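S.K.: Here you go, sequence then predicted model.
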Amino acid sequence: MNDLLNQLAGDAAPAEVVQQFVGWCVWQQARPALALVLAKVGLDDMVQAINTVDDLGSLAYLSHEANTYIKDLRGSTGPLLLSAAEAATFEFSSMVAAAREDGADVEGVAFFAARVFGWAGWAAVDFADPAQKAVAEAQARKQQTSVLDRLWREHTGQA
């Protein structure tokens with residue numbers, strides 16, 4: 001974790017920066033990643049629903065519903081695909097819970113967003129190369145650092 005994320009997690013950052021970073025993690029990093037994973041297991045209706053909501057409550061509900069539905073699907077697609085999708089929806093739900101509007105757990109949001117991005121990295125190669133999950137998680141953390149640096153510079157007028 002970088003120093004700026006440590007500052008965010010330690011209540012040393014302005015609420016505006018925290019809110020923007022959490023929003024970016026949820027809506028721009030993790031949501032498209034979850035949509036990719038769900039599309040790979042054929043849940044196009046769920047992808048469409050998740051891509052159209054714009055509030056955390058609906059997103060929490062839909063990710064939980066997707067997780068429950070995937071558990072019920074066992075047997076209709078390969079177990080590896082379902083296990084990956086189930087894990088991605090679980091971690092996405094955990095991220096949304098960490099992003100609660102009454103006081104976000106910034107470290108939790110960043111951690112789970114990177115994990116969901118990792119599942120998408122593996123899904124992007126049709127689950128053929130498990131190493132892509134770790135590669136994608138590392139890429140997600142780099143993206144988070146870059147976005148956080150940009151938000152901090154904008155806030156301090158150094159952009």
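M.R.: All right, it came through fine. A quick note: this is a predicted structure, and the numbers were derived from the prediction, not measured. Numbers count the residues shown, from 1 in each chain.

S.K.: How much space separates residue 13 from residue 104?
M.R.: According to C-beta to C-beta, to the nearest Å, residue 13 and residue 104 sit 11 Å apart. Placement of C-beta: from N, CA and C, glycine included.

S.K.: Find me the pLDDT at residue 81, would you?
M.R.: According to the prediction, residue 81 has pLDDT 84.

S.K.: Check residue 102 too.
M.R.: 73.

S.K.: any idea which helix or strand comes after whichever strand or helix holds residue 96?
M.R.: Here residue 96 sits within helix 79-98, counting by DSSP states H and E. Using DSSP H and E, the helix or strand that follows helix 79-98 in sequence is helix 106-124.

S.K.: which parts of that following helix are buried?
M.R.: Neighbour-count burial for helix 106-124 flags 106, 108-124 (criterion: 16 or more other C-beta atoms under 10 Å).

S.K.: avg pLDDT for that helix?
M.R.: 96.

S.K.: between the following helix or strand past it and helix 106-124, how many degrees?
M.R.: Downstream of helix 106-124, the first helix or strand assigned by DSSP H and E is helix 131-156. Inter-element angle recorded for helix 131-156 and helix 106-124: 140 degrees (by axes from the mean of the first three to the mean of the last three C-alpha atoms, to 10 degrees).

S.K.: Which strands and helices lie in contact with helix 131-156?
M.R.: Judged by 3 or more C-beta pairs under 8 Å, 6 or more residues apart in numbering; DSSP states H and E, the packing partners of helix 131-156 are helix 3-9, helix 15-23, helix 106-124.

S.K.: what's the spacing between the last one and its chain's center?
M.R.: Which is helix 106-124. Its chain's average C-alpha position is 5 Å from that of helix 106-124, according to C-alpha atoms, centre = their mean, to the nearest Å.

S.K.: Could I get the phi/psi values of residue 105?
M.R.: Note on residue 105: its backbone torsions stand at phi -90, psi 90 [degrees, to the nearest 10].

S.K.: shouldn't it be in contact with residue 98?
M.R.: Yes: counting by C-beta atoms under 8 Å, residue 105 does reach residue 98; the two are 4.2 Å apart.

S.K.: Out of those two, name the residue with the larger neighbour count.
M.R.: Shown here are residue 105 and residue 98; by other C-beta atoms under 10 Å, residue 98 has more neighbours (20 against 17).

S.K.: Look up how far residue 68 lies from the closest residue to the more buried one other than its chain neighbours.
M.R.: With sequence-adjacent residues excluded and distances taken as C-beta to C-beta, 6 or more residues apart in numbering, residue 98 is closest to residue 108, at 3.3 Å. Applying C-beta to C-beta, the value for residue 108 to residue 68 is 22 Å.
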